[in-house]
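Peer 1: with the sequence up front, the predicted model follows.
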Amino acid sequence: MNTGPLIVQSDKTLLLEVDHEQADECRRAVAPFAELERAPEHIHTYRVTPLGLWNARAAGHDAEQVVDALVRFSRYPVPQALLVDVAETMARYGRLSLVKHPVHGLVLESTDRPVLEEILRSKKIKPLVGERLDPDSVVVHPSERGQIKQALLKLGWPAEDFAGYVDGEAHPIELDESSWHLRPYQKQAVDGFWHGGSGVVVLPCGAGKTLVGAGAMATAKATTLILVTNTVSARQWKAELVRRTSLTEDEIGEYSGTRKEIRPVTIATYQVVTTRRKGVYAHLELFDSRDWGLIIYDEVHLLPAPVFKFTADLQARRRLGLTATLVREDGRESDVFSLIGPKRFDAPWKEIEAQGYIAPADCVEVRVDLTGSERLAYATAEADEKYRFCATTDSKLRVTEALVRKHAGQQTLVIGQYIDQLDELGERLGAPVIKGETTNANREKLFGAFRSGEIQVLVVSKVANFSIDLPEATVAIQVSGTFGSRQEEAQRLGRVLRPKADGHEARFYSVVARDTIDQDFAAHRQRFLAEQGYAYRILDAGDLTPGVEHDETPDGT
């Protein structure tokens, strides 16, 4: 028997013993093809999926390397059926390829004629192809380059795209590295993306995804369209690019609800791009307004479904997706793979934390009890009202006040879903509230005052979940969330993970109503953080009394 750190199971899960002396070497070997599912303290669980294996093939790894990694590090004999399945799944990738033909334009070629015959009989493929050139190739309508990749992936025959990219309109962009440099992992991410041509970079919140974007732009030296989640994020991207690159303010346009500027670098919000008038997307001309050389999708895990449709038409452009998690609540990871590109770089949160680039975090779930009358009202509430009822219980207001007092003097964010709850908290805490109706100018003013320390407590709705850079936030208190959204939990923890100037540890509290659907949703939301190695401590609200200054242990002592 081998004494390796890995247990390979026939259900395609891999169990990695974290404390084993070969654990780091093993992790590096399996990371290209296996998806990390859970990463608590001692045993990390990975899963081998077709999408993961095809990601590995796209990055240049072959079945021999995968099989070697599994056999070399496995403590027990690897199930033979799993090894066969790995080899056969990976062999499916690349039997079909998209190439540029000098006469016929875009052509789908096959090294395996029966596979081509099989897919051409699919009703999904027929409308996307034209003339059969010979037994091994068929013309593809150039406008269907994205759709055919999407359809082939769903049929289990992912195509390799060798059709290349247009350079787009050249535009000089240099990194201004007089006062900063790309961190090693950021440079690896840029190199991995550029070598592959298109794809996704996965980095924790606070690890500098914007700088990876800037690095890709400086490599492309071309006009760039950047799609972001909201206007505040657009303005933060602009400020970072002006600070970190040779670009001036005049070279960067904002295309949002309030401004419609198209410049060599244009930053647009998903919301304006997906706005429809009388059933027609009103701003599609943005994609054709310039000969873009690069398109960047910020928070690609939030890409609205209509943008997949537009992205299918942009296959000749280099595309970079940036995200903290490829978890999509709608399960459309395969669309990200086929339309944006394979995963080109992935760095676990704990690894970046260990290098000192993001702050260590202490995650605490504080459980509160409903009062007797509240429990009765909750028990008899309509199903669609139950979550709102328990998520906004008065008990949470008292606990939140106690937590804010406990961390007096520290930059604290109070985050929630329900506006009336947040308004009441703002009043009780004497803190400003940022919500959907808050103007962008006022939001930026309040975020600025928080960054400078002028405001120490800020109450925010889910408008602050994404792309808001608040590096000095040390404490986050979540009072209610979007049901069981794992994405949201990751983003909210990310608000406090930026490294602190004083070396402070980040605190993330989730205030949860005991014995209710709130507790069930919290468990689901926390799964992503557990996968990344952040364990929640559970604390009873009764232990949080005014004036208590000590740090509680899990049992409240």
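Peer 2: Thanks, I have it. Numbering: from 1, shown residues only.
Peer 1: name the helices or strands packed onto the helix or strand that contains Phe389?
Peer 2: Using DSSP states H and E, Phe389 maps to helix 386-391. For helix 386-391, the packing partners by 3 or more CB pairs under 8 Å, 6 or more residues apart in numbering; DSSP states H and E come out as helix 372-379, helix 517-531. For every residue, glycine as well, the C-beta is placed using N, CA and C.
Peer 1: which other residues reach whichever helix or strand comes after that helix?
Peer 2: Scanning the chain past helix 386-391 towards its C-terminal end, the next helix or strand to appear is helix 394-406 (assignment: DSSP H and E). Applying CB atoms under 8 Å, 6 or more residues apart in numbering, the external contacts of helix 394-406 come out as 366, 368-371, 374, 412, 414, 421, 424-425, 428-429, 457, 475, 477, 479-480, 509, 511, 513, 541, 544-549.
Peer 1: from the residues you listed, which land in strands?
Peer 2: Using DSSP state E, Val366, Val368, Thr412, Val414, Val457, Val475, Ile477, Tyr509, Val511, Ala513 are the members of the contacts of helix 394-406 that sit in strands.
Peer 1: what's the farthest-apart pair in these?
Peer 2: Val457 and Ala513 (22.6 Å; CB to CB).
Peer 1: quick one: which of those two has more around it?
Peer 2: Neighbours of Val457 and Ala513, each counted by other CB atoms under 10 Å, are more numerous for Ala513; the result is 26 against 21.
Peer 1: sorry, back to before: for the helix holding Phe389, which residues meet the burial criterion?
Peer 2: For helix 386-391, burial by neighbour count (16 or more other CB atoms under 10 Å) applies to Lys386, Tyr387, Phe389, Cys390, Ala391.
Peer 1: again, but for stretch 33-51
Peer 2: 33-36, 38-39, 44-46, 48-51.
Peer 1: of all pairs in those, which one is the farthest apart?
Peer 2: Ala39 and Pro50 (22.2 Å).
Peer 1: what's the end-to-end length of stretch 166-174?
Peer 2: When the termini of stretch 166-174 are compared using CA to CA, to the nearest Å, they are 20 Å apart.
Peer 1: model confidence over it, on average?
Peer 2: For stretch 166-174, the mean per-residue pLDDT is 95.
Peer 1: so what touches that stretch?
Peer 2: 217-218, 220-224, 245-247, 251, 264-265, 290-294, 316-318.
Peer 1: quick check, pLDDT for Leu539.
Peer 2: In the predicted model, Leu539 carries a pLDDT score of 89.
Peer 1: for the residue nearest to Val273 when sequence neighbours are not counted, phi and psi?
Peer 2: Of all residues not flanking Val273 in the chain, His283 sits nearest, at 5.7 Å (CB to CB, 6 or more residues apart in numbering). Reported as degrees, to the nearest 10, the phi and psi values for His283 are phi -120, psi 20.
Peer 1: kindly report the same for Ala87.
Peer 2: Backbone dihedrals for Ala87, given as degrees, to the nearest 10, come out at phi -60, psi -40.
Peer 1: that one: neighbour count?
Peer 2: Neighbour count of Ala87, defined by other CB under 10 Å: 15.
Peer 1: looking at the buried residues of helix 386-391, spot the one nearest Glu118.
Peer 2: Looking at the buried residues of helix 386-391 and their distance to Glu118, the nearest is Tyr387, at 46.5 Å (CB to CB).
Peer 1: how far away is the closest one from Phe73?
Peer 2: Distance check for Tyr387 against Phe73: by CB to CB, to the nearest Å, it reads 44 Å.
Peer 1: go ahead and confirm Cys363 touches Arg537.
Peer 2: Yes: with contact defined as CB atoms under 8 Å, Cys363 and Arg537 form a contacting pair (7.0 Å).
Peer 1: compare those two (neighbour count), which wins?
Peer 2: Cys363 (19 against 14).
Peer 1: just the residues contacting the helix or strand hosting that one, thanks.
Peer 2: Secondary structure assigned from DSSP H and E places Cys363 in strand 361-368. Applying CB under 8 Å, 6+ apart, the set of residues contacting strand 361-368 from outside is 353, 393, 395-396, 399, 403, 493, 496-497, 505-514, 519, 522, 526, 529, 534-541, 544, 552.
Peer 1: quick one: pLDDT of Pro348?
Peer 2: According to the prediction, Pro348 has pLDDT 71.
Peer 1: could you do Leu108 as well?
Peer 2: 97.
Peer 1: gap between it and Leu203?
Peer 2: When distances are taken as CB to CB, Leu108 and Leu203 turn out to be 34 Å apart.
Peer 1: sheet-wise, list the partners of the strand or helix carrying Glu37 with their directions.
Peer 2: When elements are assigned from DSSP H and E, Glu37 belongs to strand 34-38. Paired neighbours of strand 34-38 in the sheet (DSSP bridges): strand 43-48 (antiparallel).
Peer 1: could you give the separation of whatever helix or strand comes next after the partner strand from the chain centroid?
Peer 2: Per DSSP H and E, the first helix or strand lying C-terminal to strand 43-48 is helix 50-58. Between the mean C-alpha point of helix 50-58 and the mean C-alpha point of its chain there is a distance of 18 Å (CA atoms, centre = their mean, to the nearest Å).
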